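Asks: any chance you can model this:
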Amino acid sequence: MSSSGERVPGTAPTALSDLLSRFPALAPPVSTAGAAVVIVLREGSSEVETLLIERAEREEDPASGQVAFPGGHVAEGDGSLAVTALRELEEEVGLSRADLSGELRYVDTVLAIRFGLKVAVFATALAPEAQPPTARSAEEVAHVFWLPRSALGTSRPIERETSRGLATVRATVCDGHILWGFSRRVLCQFFGVANEDELIGPVFAPRLYPPPDG
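Replies: Numbers count the residues shown, from 1 in each chain. Modelled structure (predicted):
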C-alpha cells in the first residue's frame, strides 16, 4: 500500500527502505560492465517516485531523446562501477554523494540489448536535505522528472526503432515522457511489475549476504 492507502503495482515492497534493503552495498569492478546507471528514489506525496531524465536530441547519440536513468559509460580512472554511477549522476543532474541517503545498492548487471552493452544498475534514496536534481548540461539532458510508481501500472503500444528494427513495444507515458525499452524493463523488474515485452517476470531476487550456513 502507498501512504495514501491506494494499491501500487508490483510485488516489491512499498516502503522505500524495504525496496533498497533487498540489495547489497557493493561496488563491482569496471571490468564487469561498460556503463552504470542509478535508480534514485524519493518519498513522493503518496508513493515512491523514481528520478528519470530525458536525453537531449543529438544526431550522434544513439540514445538521443530517450527517457533513461542518470548514468553513462565507464571512464578511464573510474575505480569501480559505483564510482562511474556517482560521477555520471553528478555530471548529469548535479547530485553528489552528500545528496544521497546511504551507500549505493547494487541491483544487478543487465544487458542493454539494443546497444549490446552490459550496464550495472544501482539504487539509492534521495536524502531529505538534498538539493533538487536539475539538468546540468542542455546538450546532454533535456528534462529531469520524477515518475510515480503507479505509472508503471498502465502501458500502451508505441512504435520504436529497436534491435529488431521498427517494432511495436509497450511504453509507460507520464506527462508526455515516454518510458520504454531497457529503462522500463529495469524499472518493472525492480518493482516486480509484469512487463509485456519481456514475459520473464521480475528477476531482481533478494540476496542474502553473507549466505546462510550450510
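Asks: do you have the helices of the chain handy? List them.
Replies: Residue ranges of the helices in the chain, as given by DSSP state H, are 16-21, 81-93, 181-191.
Asks: any idea how far L20 lies from L41?
Replies: L20 sits 7 Å away from L41, taking C-beta to C-beta, to the nearest Å as the criterion. No exception for glycine: its C-beta is placed from N, CA and C like everyone else's.
Asks: report the set of residues contacting both of these two.
Replies: With contacts defined as C-beta atoms under 8 Å, 6 or more residues apart in numbering, the residues shared by L20 and L41 are 123-125.
Asks: would CSV of the residues you listed with neighbour count, distance to L16 and pLDDT be doable?
Replies: Supplementary listing: the shared contacts of L20 and L41 in CSV, determined by neighbours: other C-beta atoms under 10 Å; distance: C-beta to C-beta, whole Å; pLDDT from 0 to 100:
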residue, neighbour count, distance to L16, pLDDT
A123, 23, 10, 98
T124, 24, 10, 98
A125, 20, 6, 98
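Asks: nearest to L89 among those residues?
Replies: If you rank these by distance to L89 using C-beta to C-beta, T124 comes first, at 8.9 Å.
Asks: wait, isn't K118 in contact with D108?
Replies: No. Look at K118 against D108 with C-beta atoms under 8 Å: they stay out of range, at 10.3 Å.
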